[in-house]
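Visitor: turn this into a structure:
(chains A, B, C and D)
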Amino acid sequence: GDDLAAYCLMLGDDALVMSHRLQQWCTSLPELEEEVAVANIALDLLGQARLLLTRGGTADGSGRGEDRLAFFREEHEYRNVRLAELVNGDFAELVARLVVFSTWRLALLSRLSESRDPVLSAVAAKGVKEVTYHRDYAARWTVRLGDGTDHSRGRMQAGLAVVWPYVDELFAAHEVELRLSAAGVAPDPSALRDEFDNVLAQVLSAATLSKPEAGQLPGVGGRAGRDGVHTEAMGYLLAEMQSVARAHPEATW
Amino acid sequence: GDDLAAYCLMLGDDALVMSHRLQQWCTSLPELEEEVAVANIALDLLGQARLLLTRGGTADGSGRGEDRLAFFREEHEYRNVRLAELVNGDFAELVARLVVFSTWRLALLSRLSESRDPVLSAVAAKGVKEVTYHRDYAARWTVRLGDGTDHSRGRMQAGLAVVWPYVDELFAAHEVELRLSAAGVAPDPSALRDEFDNVLAQVLSAATLSKPEAGQLPGVGGRAGRDGVHTEAMGYLLAEMQSVARAHPEATW
Amino acid sequence: MTATLPEQDLERHFEHVIERDQRIEPRDWMPDGYRKTLIRQVAQHAHSEIIGMQPEANWITRAPSLRRKAILLAKVQDEAGHGLYLYSAAETLGADRTDLTEKLIESRQKYSSIFNYPTLTFADVGVIGWLVDGAAICNQVPLCRSSYGPYARGMVRICKEESFHQRQGYELLMTMTRGTDAQRRMVQNATDRWWWPSLMMFGPPDDASPNTAQSMAWKVKRHTNDELRQRFVDMTAPQAEALGVTLPDPDLRWNAERGHFDFGEIDWAEFKRVVSGHGPCNAQRLAQRRRAHEDGAWVREAAAAHAAKHHSRDHWRSPT
Amino acid sequence: MTATLPEQDLERHFEHVIERDQRIEPRDWMPDGYRKTLIRQVAQHAHSEIIGMQPEANWITRAPSLRRKAILLAKVQDEAGHGLYLYSAAETLGADRTDLTEKLIESRQKYSSIFNYPTLTFADVGVIGWLVDGAAICNQVPLCRSSYGPYARGMVRICKEESFHQRQGYELLMTMTRGTDAQRRMVQNATDRWWWPSLMMFGPPDDASPNTAQSMAWKVKRHTNDELRQRFVDMTAPQAEALGVTLPDPDLRWNAERGHFDFGEIDWAEFKRVVSGHGPCNAQRLAQRRRAHEDGAWVREAAAAHAAKHHSRDHWRSPT
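Guide: So this is what the prediction gives:
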């Protein structure tokens, strides 16, 4: 129960926090088509977050609903990977983050759709369709920017360098994930690395870009997002996201 | 009592919110000397805010302390002018806002130091010394940037254009101010305009800059900062400022 | 074929189509004035959808429930979609989207003035759905019968989505007014701020609206401003009562004789100020649109360069 | 005068001054190695003050009481002041502040690794005051007797302010541990994260610190790393007990025989990673410093241009 709940929060928080960063792009994108597409991706992830948080609140017996979990947890209770919380940069950074995030998430959800937990499996199966589109969208833009102008190529390469230090964390297994993997409920994150590397290699090759050399961002005392240890960006994100809900703790909306 | 309290909140909120915007500059300034100076101005204004909010909480008999007022009021209860809440731009915008804000505030505090209210008068007298320095600092930078390079001159002129629409609001008298003015407690804001215009004219002339032609930002249905009607920037500012205090409403610090 | 007909016959055909309430289509001949009027109308509508995203997008990241966040995000996305759709309709008239965007950014074309007011609380999201979308629907439902085919068809789809948004807004307000005192105060406060600007959405009074006659003759406008405004007030006043909020107009009351609600005088001086660029958010809205457009220039250039290299065929195919 | 003395005599004079615990002053002759070592030491210290502003400045705008906000803002301001003061001291050795800033930004000079950890809660502000300033004081108090005059005098002032900061940090923690459960948890959590990095502030163990001997001979360092580390642990362990927090080291205990606290093994691999640029915030801290410096370039140029025009005399005088 507790492991399953913790796992639902991990994947749910990834989606919720990443969705927040995409929401912040709203009205700032380079074309209206991108406004529609990025809002759509943000909506898909928000939908995934809602299902996963709801499942998490049921699984741990706490009876906390999606809103209780989204708006009344403290930073250290959030389980998302730090890639999701990274402060927004330019459009190239958005594309870079999205291609990394959705390639990883698609690999994860594909395997999770075979989970022994029927709810997780159903949520994942639905997510696979969505994230397949996200990955394609991000990959197409990676190629357009990488193989566009000299200027865009430089910016796309720089965008990749910004997000790359957050990559290893995606594949580092938390003990909860290891136990659920042993139980056939969730994949071992480290098993997703090959698929990720292969897809990224294809995309980068089509984009005439090279894989960044950046070192990896360590945790604090070995603890990172999955343990509730985040970056300094996270507190500001939650302050914004939770401000109205917390100003009216007794309200229903 | 209520008018006096409202007035203390007006001047206190001006200082608190402006101080917040200066605090956000911390570690981003062009020189270490500017780090020291801007932090110093932010500290002075924070000190003024604390005295004024405390006085406000006493005057209205509510017994609310400075922290209750700073961290647990809603946006519409904040009485600051909208100039104070404007989102930070570049260093030229900072200088432009500071030269406008402190020229106005110095004119105000000078007269307020002769208030019939002994507390207000003492707070103002202390503030006059501080804000005299703020104004000099901002005026010196206005001149340096205006009469520096062609590039800096253009940016300084642009910075002035950004803040100028917020100027008229500084001199628009709220009914509370009019009643307190009649009672000899506070100056009528409109009476400060000449001094402001004169000082700004001198600074701009020394800086070889021209007075912006920008139109003035109206309120909403005639209501603006002094009535608790702010800009869209204000909600984000308060979400950040109040986040920790509101997450721990029972705590003492 | 039509190209060989003399201008007089073309004009007679055009008028005949209009008279019989049929549709003018992109390749049909149309008078220059008709084309210009429509381009302006459709472009302004498109601009309004795009600028109109901003006041609502302002609350997406702070929406206090995930369900409301999803609803709001979907709504703002719909507005982007409407904008795209409408720019396409304008392109069928020979306009160019890039050119229209430039005109918006340089203040040479307008958008609905309602979006020059700030959204100050989450209740504003509900009130915009209720009043602003409500007024937009009153304005737009008749345009589903616009004489210009692509616009009329676009409006059918857009109106359907707008009335969905309107119901969602009203439902949010219902939930809030049944909630805490603070929530009820927020709703009242937002209603106070948005009511009069909503009435201004129908444009100047008929006696100060010189283009109305021609537009109505061309059937690109089907009712006068004052007719639509009255319809909106008649529809909205009972909704306000059902919500338990007070519309900020002491003169608002049912007139049994007229069979309509009477209402107070609109502050037309404020209307003119805001239309002419001096509302609380005009500069902010345009600056945001300009920033997005300028910051995106390198991206659009890259996409164009890539398309030119690869004959508009993407180089990357998803591994399956 | 001194310029005419043979090098040997100069060196003898220098060593004599050092031996007698007198001060070397900027215009005195000094060996190249001494000068270089000192420039590096003082510059690293200056850089540490400047980079050290960031983790604390992170909480200024969110400080949960106005009193704590003022204390924190004043502290961060003090750090900027220390930085200025120390860069000046480095300049007395012939270094150039602009050049030192470039070296920092390009990672050619280091700063204290402790600032490469994130501040995750407001309790971190208190713990930094208590542990990080506490460790800094242990390091720096002996430097008030540095053989180099300007640095020694700077350290007197800086240490005075640092111990003020340290008391304020401890006092914040006292208040928090007497507060709510959530506050106590925050303090414990912050202590858990900062304890080991604080111990690393004293540098590698003596047997891996090859420069210590020369620095001690020159009296620019007065105690070994391990001596200072022990002193810090001995000072801090009882403070932790008074606060009611647990230091995250199961091996920490009083050793009556030694008259010191024993403590566990430091993770020197982590130390090396962070020192060599791979801590949780190295990139972020340098990027922020670089951004401020680059964004400010046009301002510094303008100031220089203005000064050149007006012979460094400001053109504007305050009307009085």
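Visitor: and chain C, which residues reach chain B?
Guide: Neighbours of chain B within chain C, by CB under 8 Å from any CB of the partner chain: C:55, C:58, C:62, C:117-121, C:182, C:189, C:192-193, C:196, C:273, C:277-281, C:283-284. All C-beta spots, glycine's among them, are computed from the backbone N, C-alpha and C.
Visitor: buried among those? Make that a ChimeraX selection.
Guide: In ChimeraX, this line selects whichever of the residues of chain C next to chain B come out buried by 16 or more other CB atoms under 10 Å in any protein chain shown:
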select /C:55,58,62,117,118,119,120,121,189,192,193,196,273,278,279,280,281,283,284
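Visitor: just the ones of the residues of chain C next to chain B in strands?
Guide: Using DSSP state E, no member of those sits in strands.
Visitor: from residue C:246, how far out is residue C:195?
Guide: 10 Å (CB to CB, to the nearest Å).
Visitor: residue contacts, residue 9?
Guide: Using chain A. A:52, A:53, A:56, A:69, A:78, A:79 (CB atoms under 8 Å, 6 or more residues apart in numbering or on different chains).
Visitor: out of these, which one sits closest to residue B:109?
Guide: Nearest to residue B:109 among the contacts of residue A:9 is residue A:78, at 44.7 Å by CB to CB.
Visitor: tell me the confidence at the closest one?
Guide: Looking at residue A:78, its pLDDT reads 98.
Visitor: same question, residue C:315
Guide: Looking at residue C:315, its pLDDT stands at 52.
Visitor: and what of residue C:320?
Guide: Per-residue confidence (pLDDT) for residue C:320: 50.
Visitor: one more: residue A:27?
Guide: pLDDT for residue A:27: 98.
Visitor: next up, the contacts around it.
Guide: Each residue near residue A:27 by CB under 8 Å, 6+ apart is listed here: A:35, C:53, C:54, C:57, C:76, C:288, C:289, C:292.
Visitor: can you count the residues close to the fifth one?
Guide: Around residue C:76 sit 26 other residues, with neighbours defined as other CB atoms under 10 Å in any protein chain shown.
Visitor: helix/strand/coil for it?
Guide: What DSSP: H, G, I helix; E, B strand; the rest coil gives for residue C:76 is helix.
Visitor: pretty sure it sits against residue A:29.
Guide: No: using CB atoms under 8 Å, residue C:76 is not in contact with residue A:29, being 11.8 Å away.
Visitor: do you know how far the residue nearest to residue A:144 when sequence neighbours are not counted is from residue A:143?
Guide: Spatial nearest neighbour of residue A:144, chain neighbours left out: residue C:306 (4.3 Å); criterion: CB to CB, 6 or more residues apart in numbering or on different chains. In this view, residue C:306 and residue A:143 are 7 Å apart by CB to CB.
Visitor: residue A:92 too?
Guide: Distance, residue A:92 to residue A:143, using CB to CB: 12 Å.
Visitor: quick one: residue C:262 from residue D:175, how far?
Guide: According to CB to CB, residue C:262 stands 62 Å off from residue D:175.
Visitor: what about the closest residue to residue C:192 other than its chain neighbours, how many residues close to it?
Guide: Leaving aside its sequence neighbours, residue C:192 sits nearest to residue C:248 (CB to CB, 6+ apart; 4.6 Å). For residue C:248, the neighbour count with other CB under 10 Å is 15.
Visitor: hmm, residue C:248 is touching residue C:194, no?
Guide: No: when contacts are counted by CB under 8 Å, residue C:248 is not listed as touching residue C:194 (9.6 Å).
Visitor: about what we covered before: between residue C:262 and residue D:175, which is the more surrounded one?
Guide: Between residue C:262 and residue D:175, counted using other CB under 10 Å, residue D:175 has the larger neighbour count: 17 against 14.
Visitor: ok, the more buried one - contacts?
Guide: B:252, B:253.
Visitor: per-residue pLDDT of the closest residue to residue C:101 other than its chain neighbours, please?
Guide: Among residues not flanking residue C:101 along the chain, residue C:293 sits closest, at 6.3 Å (CB to CB, 6+ apart). Looking at residue C:293, its pLDDT is 97.
Visitor: check which residues of the helix or strand encompassing residue C:293 are buried.
Guide: Per DSSP states H and E: residue C:293 is located in helix C:282-295. Residues C:282, C:283, C:284, C:285, C:286, C:288, C:289, C:292, C:293 are the ones in helix C:282-295 that count as buried (16+ other CB under 10 Å).
Visitor: ok, stretch C:254-271 next?
Guide: For stretch C:254-271, burial by neighbour count (16+ other CB under 10 Å) applies to C:261, C:263, C:266, C:270, C:271.
Visitor: dump those into CSV; add secondary structure and pLDDT as well.
Guide: Formatted as CSV, the buried residues of stretch C:254-271 follow (DSSP: H, G, I helix; E, B strand; the rest coil; pLDDT from 0 to 100):
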residue, secondary structure, pLDDT
C:261, strand, 98
C:263, coil, 97
C:266, coil, 96
C:270, helix, 93
C:271, helix, 94
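Visitor: nice, that's everything, thank you.
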